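*Asks:* Quick one: sequence and predicted model below, then my questions.
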Amino acid sequence: MKPSIVLAAFALLSLTFASCTQTQKGVATGAAAGAAIGAVAAGDGNRGTGALIGGAVGGVTGGVIGNNQEQQQYYGPAAY
């Protein structure tokens with residue numbers, strides 16, 4: 001790939017997440033990472049299914065983590 005295409009893609013991706021909350025960023029990042037890991041772990045015949053399941057699990061997990069970070073940002077750490 002040409003460096004200018006990579007730079008333009010990076011700039012577009014940066015602007016895409018600029019106005020998202022921590023929860024939204026967590027869902028997007030978790031889903032992308034989960035789909036990639038799921039596709040690799042599933043093997044040759046089941047990559048689509050692995051990516052789908054991994055993306056769903058990663059999205060939920062990323063959303064929970066992002067929501068927790070967002071709560072701590074606004075309300076401070078929980079005092080148990």
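*Replies:* Arrived safely, thanks for sending.
*Asks:* drop to CA atoms for contacts and neighbour counts, all remaining ones
*Replies:* Noted.
*Asks:* Would you check the distance separating the strand or helix carrying T49 from the middle of the chain?
*Replies:* Secondary structure from DSSP states H and E places T49 in helix 47-75. Here helix 47-75 is found 7 Å from its chain centre; the criterion is CA atoms, centre = their mean, to the nearest Å.
*Asks:* Would you point out the helix or strand in this structure whose mean pLDDT is lowest?
*Replies:* Least confident helix or strand of the chain, by mean pLDDT, DSSP states H and E, is helix 3-16 with a mean of 75.
*Asks:* helices or strands next to the host helix or strand of G30 in the packing?
*Replies:* Here G30, judged by DSSP H and E, is contained in helix 22-42. Counting contacts by 3 or more CA pairs under 8 Å, 6 or more residues apart in numbering; DSSP states H and E, helix 22-42 is packed against helix 47-75.
*Asks:* For the helix it packs on, buried residues please.
*Replies:* Residues 47-48, 50-67, 69 are the ones in helix 47-75 that count as buried (16 or more other CA atoms under 10 Å).
*Asks:* what angle do it and helix 22-42 make?
*Replies:* Helix 47-75 runs at 150 degrees relative to helix 22-42, counting by axes from the mean of the first three to the mean of the last three CA atoms, to 10 degrees.
*Asks:* Could you measure from G26 over to P3?
*Replies:* 28 Å (CA to CA, to the nearest Å).
*Asks:* which one of these two has more residues nearby?
*Replies:* Using other CA atoms under 10 Å as the criterion, G26 and P3 rank with G26 on top: 23 against 8.
*Asks:* residues in contact with that one?
*Replies:* Going by CA atoms under 8 Å, 6 or more residues apart in numbering, G26 touches 59, 62-67.
*Asks:* Quick one: those residues as TSV, columns for pLDDT too.
*Replies:* Formatted as TSV, the contacts of G26 follow (pLDDT from 0 to 100):
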residue	pLDDT
G59	94
G62	94
G63	94
V64	95
I65	94
G66	92
N67	92
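*Asks:* and which of these is nearest to L15?
*Replies:* Checking the contacts of G26 against L15 with CA to CA, the nearest one is G66 at 18.7 Å.
*Asks:* For A41, give me the pLDDT.
*Replies:* The model reports A41 with a pLDDT of 93.
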